[in-house]
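In: quick check, what structure comes out for this input:
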Amino acid sequence: MRNEPLPHPAVLAGIGALALAVGIGVGRFGFTAAAPAMARDGSLTQAACAATVAAHFAGYAVGALSLARLRREHVVPACVAGLAACVALAALASQSLGPWWMGADRFLAGVASGVVMVAASTWLFALVGTRWAPVLYGGVGLGVAVVSEMCCALAARGHGGTDAWTCLAGLAAVLAVPAAGWMLSTRDATPRPQAAPTPPDIGRRCLLGVYAVGGFGYVVSATYLPTVVRDGFPDMDPVHLFALFGLAALPSCWAWLRVDALFGTRRAMTANYLVQAVGTALPVLSHHPLALLGSSVLVGGTFMGVVALGMSAGRRHATPGSNLMAYLTAAYATGQFLGPLAAAAILSRGGTLDRPLLAASLSLLAGAAAAGLPREFPSMTSLGMPSLRALLAPATAGRRRHRY
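Out: As a prediction, this is how the structure comes out:
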């Protein structure tokens, strides 16, 4: 490794923010922003939308898990490949794909988004530590706001889903090229000296479980709150709601990591989930415009905050040969995958959209309570049960005996 000078940490964090603006802002929220236009021009039905969203979250988990044991020298190439895939798949989505092909496209986009999230986080934290995490994850909020307002402007001028995806692909390319170039230039750079990270006051298993709850609670609100806005205010484009989400997310990462530094990760996550639970429940209590705006600000100001808390804690729990941030991202994606399915099951029994929102709020309250429990969940062995590794040992031994 050559001793090449690194840019200032703020510059590196800005590069990572550009990468997440592409990987999450376009790769994840591009479909959310373009979906209303696609529905208007008849290229997307409600059933196909739900299936496509589920496919995306499944891909997100797959992409994150694929990097769980990635070697350090492969992190940058993986991130660059993920950025290129986000651009290419957004361009492909503009080709008036049928529902099955769109589902496949969004599944692969989910894989790319998961790769970019984990790789960009791993890259920045390995070089300069977690101090600049607020700038890194603020890139998601910036990407969401820009993508949402771009799609709103196109819709106001009568453009459909094809035009929306074409513009999203162009935006992704404009942001991805400099991000990829800068990241590749740091492949041979020597990381800045860092003090050994202090482990957070929340254990690994507890962190994984609590973090997964955040994915479940947030995605239900993000899925159904636009519908509440559309039903109550038909003259308002609900995509504006996600722009407000993104703007609220920009400063939230810094604020919540500051709470972490002052009071610890457990208390910070507890407070985050309590605020998010209130924001999720506001539309249940009132459909007044101020309640809906308040909900957008509270949920937007917490959903990326908990990502910053969880990923920073995962980095501080780092162990050689394993990337806890990859497992955390997959856990969050699992919560996102299960959220709409649970909400759909609730709605199938009748009732209004208040029920899924209330269920999401209750799950966040449960997550807040779990974060405030003792530092770690009990392991299987401490409960007198065999560990997962012990259960799998016979099968693993069998594979070793038959390996040639």
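
In: where along the stretch 301-404 of the chain do the helices fall?
Out: Ranges of helices in the stretch 301-404 of the chain, per DSSP state H, counting those that start in this stretch, are 324-348, 354-371, 388-401.

In: tabulate the ones you listed (CSV), appending mean neighbour count and mean pLDDT.
Out: (C-beta placed from N, C-alpha, C; glycine too.) Shown next, in CSV, are those (neighbours: other C-beta atoms under 10 Å; pLDDT from 0 to 100):
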stretch, mean neighbour count, mean pLDDT
helix 324-348, 21, 87
helix 354-371, 21, 91
helix 388-401, 10, 44
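
In: for Q276, find the nearest of the ones you listed.
Out: Closest to Q276 of the helices of the stretch 301-404 of the chain is helix 354-371 (C-beta to C-beta; 5.2 Å).

In: what's the closest one packed up against?
Out: When contacts are defined as 3 or more C-beta pairs under 8 Å, 6 or more residues apart in numbering; DSSP states H and E, helix 354-371 packs onto helix 204-232, helix 265-285, helix 324-348.

In: run through who's touching it.
Out: Where contact means C-beta atoms under 8 Å, 6 or more residues apart in numbering, the residues beyond helix 354-371 that reach it are 202, 206, 209-210, 213-214, 216-218, 220-221, 223-225, 228, 266, 269-271, 273-274, 276-278, 280-281, 283-284, 339, 342-343, 346-347.

In: run the chain-centre distance for that helix.
Out: Chain-centre distance of helix 354-371: 18 Å, with C-alpha atoms, centre = their mean, to the nearest Å.

In: what angle separates that helix from helix 324-348?
Out: Here helix 354-371 points in a direction 150 degrees away from that of helix 324-348 (axes from the mean of the first three to the mean of the last three C-alpha atoms, to 10 degrees).

In: for helix 354-371, C-alpha coordinates in CSV please.
Out: Output in CSV follows, covering the C-alpha atoms of helix 354-371 (Å, rounded to 0.1, in the frame of the first residue of the first chain):
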residue,chain,number,x,y,z
ASP,A,354,-55.1,4.1,10.6
ARG,A,355,-54.6,0.4,11.6
PRO,A,356,-51.3,-0.2,9.9
LEU,A,357,-50.0,3.1,11.1
LEU,A,358,-51.0,2.4,14.6
ALA,A,359,-49.4,-1.1,14.4
ALA,A,360,-46.1,0.5,13.1
SER,A,361,-46.2,3.0,16.0
LEU,A,362,-46.7,0.2,18.5
SER,A,363,-43.8,-1.7,17.0
LEU,A,364,-41.6,1.4,17.4
LEU,A,365,-42.6,1.7,21.1
ALA,A,366,-41.6,-2.0,21.5
GLY,A,367,-38.3,-1.2,19.9
ALA,A,368,-37.8,1.7,22.3
ALA,A,369,-38.5,-0.6,25.2
ALA,A,370,-36.1,-3.2,23.9
ALA,A,371,-33.3,-0.6,23.4
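
In: what angle separates it from helix 204-232?
Out: Inter-element angle recorded for helix 354-371 and helix 204-232: 160 degrees (by the same axes, to 10 degrees).

In: tell me the angle helix 354-371 makes with helix 265-285.
Out: Between helix 354-371 and helix 265-285, the angle comes out at 160 degrees (the same axes, to 10 degrees).

In: for the residue lying closest to G264 once chain neighbours are set aside, grab the count of nearby residues.
Out: Leaving aside its chain neighbours, G264 sits nearest to D201 (4.5 Å; criterion: C-beta to C-beta, 6 or more residues apart in numbering). By other C-beta atoms under 10 Å, the residues close to D201 number 15.

In: doesn't A261 make contact with D201?
Out: No - if you go by C-beta atoms under 8 Å, D201 and A261 don't touch, sitting 11.9 Å apart.

In: give me the below-cutoff pLDDT ranges for the chain.
Out: In the predicted model of the chain, residues 1-4, 46-47, 193-196, 227, 230-234, 320-322, 351, 374-404 satisfy pLDDT under 70.

In: gap between G14 and A243?
Out: G14 is 21 Å from A243, where distance means C-beta to C-beta, to the nearest Å.

In: of these two, who's got more company?
Out: Per other C-beta under 10 Å, whichever of G14 and A243 has more neighbours is A243, with 23 against 20.

In: buried stuff in the host helix or strand of the more buried one?
Out: In this assignment (DSSP states H and E), A243 forms part of helix 239-263. Applying a neighbour-count criterion of 16 or more other C-beta atoms under 10 Å, one finds 239-250, 252-257, 259-260 buried in helix 239-263.

In: quick check on the residue nearest to G264: phi, psi?
Out: Here is the backbone geometry of D201 (degrees, to the nearest 10): phi -90, psi 20.
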